[in-house]
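# Starting from these lines, generate the structure:
(one chain, ligands or ions: 1)
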Amino acid sequence: MKTESLKTSAHESSVAVETSHIRRHFMPDRICVLTFDRIGSSANVFDRATLMELDRHIDFVERVPNLRGLVLVSGKKSIFIAGADLHAVSRMDTEELRGFAVLGQRVFSRIANLSLTTVAAIHGAAMGGGAELALACDRRVMSDDSATRIGWPETSLGILPAWGGCTRLPVIVGLAKALELIVSGKSVSALAAKEMGLADAVIPIGCLIETALEQIWLGSPEKRFQGWNNYVASTFLRTVYNHRLSNQRRHYPALGQAVDVTTRGVSLPVSESLKAEQVAIEKLFSTDTSKNLIHHFLQQERAKKRSGPESCVISNVAVVGAGVMGAGIAHWLAGRGVHVQLQDVRAEQLGRGMESIQKLFQDGIRRGKTNATEMRNALDRITPVQGDVPLRHMDLVIEAATERMELKCALFRSLVARSGPRTMLATNTSALSVTRIAEAAGAPERIVGLHFFNPVHRMQLVEIVAGRRTDPELVRRMVSFAQQIGKLPVVVSDSPGFVVNRILMPYLMEAAHLFESGAAVGDIDAAMCDFGMPMGPMRLMDEIGLDVAADVARTLTRAFGDRLGSPAILSRMLDQGLLGCKSSAGFYLHDGRNAKPNPEPARWLADHSATRFSRAELQQRMGLVMLNEAARCWEERVAIAPEQIDFAMVAGTGFAPFRGGPLRCIDTFGAARIVECLTDMVASRAGLRFAPCVLLQELAESGAKIFSKPGGKK
Ligand code: NAD
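Numbers count the residues shown, from 1 in each chain. Predicted coordinates:
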């Protein structure tokens, strides 16, 4: 760090003192500006070194006589401060984490206690620790840019805002709003921040510093939120939130802690409220939940990072097949500026596809995701085409036609013939062999799997399937394409069902088997929601479509034998046209607002000897089936790392994120216990067709783990 003299006269405004991640300079009128500009990074984050550096700047600021104000600003294009450096956090041991939490709180409290006026001049995202720094300032001005947002996502990472966030936010916006922001973890725009009193001014980026300087002249605000922050109101809000979160709190302890600390804090002296933050975060840092959630977040960030050059943009795509998936893919691509030619052999299917795309955009407008102009522009980018048209000028063709091997082989022969030599060819198959399709088409190196999930606009994951002879460059281009369109890619090998369907299907089929053995639809679903799945397996089968699920199960049975076979009840339901949501009836009736269990299939089973299962038994049976299959996937190296299998399951199915994924669960429960349970279950119930896989047995014998520590490296 360079040394400097403590000169503060106006002519010093040009003297900038560089340390490492924070620059300091003086403006006329005795105002100091600290510019956060992390070297070698496009984002500002807080690690220990940056906090120490900020601490030294405050030492300096405190020593300058008659300083009027301090402005904190970012030197980055679209980020104020993204929060704590989670990479560093994920590598810290318990003592280091404690020290880090204490240090951040101490430095921010020093800023809050400065006798001069402090202003955060925010352009870009102010998240977590970055948003807490802003709260420690007397005033906040925000640019009106769409990249400028402020939020506290800590609870979604299994922790809570403990650098003064739970203490200072209710003072500024009131307890009710503060709880809403902290519990939801959602960020808000500058205008919304202004409306709730979080921002003092919202201005164009060009006026940011000027406005911050004006705010200094207004001095420190006297106002303290008076409305709802009294003892009775805070007790009332605590009760309301605890009731509202009663289901989630067991799996997400951070929610309960955040509500508790925030609501109690308003009636405590600041120092005690800050102490409560410390105690809570220390507890939360020691849980596997926070480690797993932070690990998943980091994996997600890694998957998002553009791997290919920005110039390799794909702008013309043909989507072949205008059914559920084709329409969903076309809608997503057009919304991201890609020109789409949507093809189908059937005119009426093409019309239905275009209708559903329009509906998806209209839903997006209702939910505030898009507007009428963007919708019109996106619809203009889609050209519906019937029949086999030339594809010479397409960058990419995505096949999303019916899931039949013969059909796809013939279709790809035609696609190869119609496309140009540089056109990339991809199939959206759920479970068929990409290698077989590619070889049958006579162009094995030109064809790749690009497996989107249903519904495309909600599911972020895309599996990129490398066939045996797929050109590795094509795989890289598809990873980059998935990132271009805002999806999260995972590269998997060409094994039936790839990762997600391979693990999901045995679980769904087990649920159907349990139903056939007498378990009620509602009990089966409740058991798995209790485990932490976003929806139960029976409901999920209705969403996917029983026909699609049966198709995939058939492919997997062919590859892996009866272990993945579907029960007779499923065929009977298909024969009766009970396909799930698409036919308004499946395991549930979907005619009203709330789906109700369909009594019909249960009636067919009425003469079966109804077996009673406890909720724990149901959970164990379905859960272990999934873990066993995940272990098989890793045993067969369907993905290059166990983290990738876990990441695909959490991102692709919503597998209980706080558990970290199925392989992480194996380590948490212990392979020996799992093998024992599976063996007992097979012995006690003739129905169970799952023996523990070799990897599980080896782990059980050796006591080894798949990962060396939760949230850590392998
Ligand atoms: P779908 O039955 O809704 O649509 C298939 C469409 O393909 C139909 O419109 C049909 O007319 C059209 N088609 C058939 N042959 C064609 C050809 N030769 N040329 C052009 N169009 C043709 O099916 P879907 O659910 O959209 O599935 C499509 C593909 O996506 C399948 O491979 C499926 O396994 C896969 N997939 C489905 C899901 C899902 O949940 N539905 C999820 C992921 C992947």
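
# For the stretch 301-450 of the chain, which residues are neighbours of the ligand?
Selection of the stretch 301-450 of the chain residues close to the ligand by C-beta under 6 Å from any ligand atom yields 320-326, 343-346, 349, 400-403, 407, 411, 428-430. (C-beta placed from N, C-alpha, C; glycine too.)

# Of those, keep whichever come out buried.
Neighbour-count burial (16 or more other C-beta atoms under 10 Å) applied to those gives 320-326, 343-344, 349, 400-401, 403, 411, 428-430.

# what residues are up against the residue in the chain positioned nearest to the ligand?
Here the chain gets closest to the ligand at one residue, Gly323, 1.8 Å apart by C-beta to the nearest ligand atom. Gly323 is in contact with Asp344, Gln349, Gly353, Ala400, Ala401, Thr402, counting by C-beta atoms under 8 Å, 6 or more residues apart in numbering.

# can you rerun that using 7 Å?
Applying C-beta atoms under 7 Å, 6 or more residues apart in numbering to Gly323 gives the contacts Gln349, Gly353, Ala400.

# Let's have those residues in JSON lines, adding secondary structure.
Shown next, in JSON lines, are those (DSSP: H, G, I helix; E, B strand; the rest coil):
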{"residue": "Gln349", "secondary structure": "helix"}
{"residue": "Gly353", "secondary structure": "helix"}
{"residue": "Ala400", "secondary structure": "coil"}
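
# Within range of the ligand, give me the residues from the stretch 501-650 of the chain.
Residues of the stretch 501-650 of the chain lying close to the ligand (C-beta under 6 Å from any ligand atom) are Ile544, Gly545, Val548.

# Show the contacting residues for the last one.
With contacts defined as C-beta under 7 Å, 6+ apart, Val548 has no neighbours.

# again, but for the second one
Gly545 makes contact with Leu579, Gly580, Lys582, according to C-beta under 7 Å, 6+ apart.

# rerun that using 8 Å as the cut-off
By C-beta under 8 Å, 6+ apart, the residues touching Gly545 are Val324, Leu579, Gly580, Cys581, Lys582.

# could you check the distance from the residue of the chain closest to the ligand over to Ala330?
Using C-beta to C-beta, to the nearest Å, we find Gly323 at a distance of 11 Å from Ala330.

# which residues are in contact with both of those two?
By C-beta under 8 Å, 6+ apart, the residues touching both Gly323 and Ala330 are Gly353.

# Restricted to strands, list the residues of the stretch 301-450 of the chain next to the ligand.
If you go by DSSP state E, these have Val320, Gln343, Asp344 in strands.

# The first one and Thr402 touch, don't they?
No: look at Val320 against Thr402 with C-beta atoms under 8 Å: they stay out of range, at 10.8 Å.

# who's in contact with stretch 160-168?
Under C-beta under 8 Å, 6+ apart, the answer for stretch 160-168 is 101, 104-105, 108-109, 112, 128-129, 131-133, 135-136, 152, 154, 169, 178, 182, 254, 257-258, 261-262, 265, 270, 273-274, 276-278, 280-281, 284.

# Just the CA atoms of that stretch, as PDB, please.
Extracted C-alpha coordinates of stretch 160-168, given in PDB (Å, rounded to 0.1, in the frame of the first residue of the first chain):
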ATOM      1  CA  LEU A 160     -28.800 -14.300   7.400                       C
ATOM      2  CA  PRO A 161     -27.700 -10.700   7.000                       C
ATOM      3  CA  ALA A 162     -25.300 -10.400   9.900                       C
ATOM      4  CA  TRP A 163     -23.200  -7.400   9.000                       C
ATOM      5  CA  GLY A 164     -25.900  -5.200  10.500                       C
ATOM      6  CA  GLY A 165     -28.600  -6.000   7.900                       C
ATOM      7  CA  CYS A 166     -31.200  -7.500  10.300                       C
ATOM      8  CA  THR A 167     -30.600  -4.600  12.700                       C
ATOM      9  CA  ARG A 168     -30.500  -1.600  10.300                       C
END
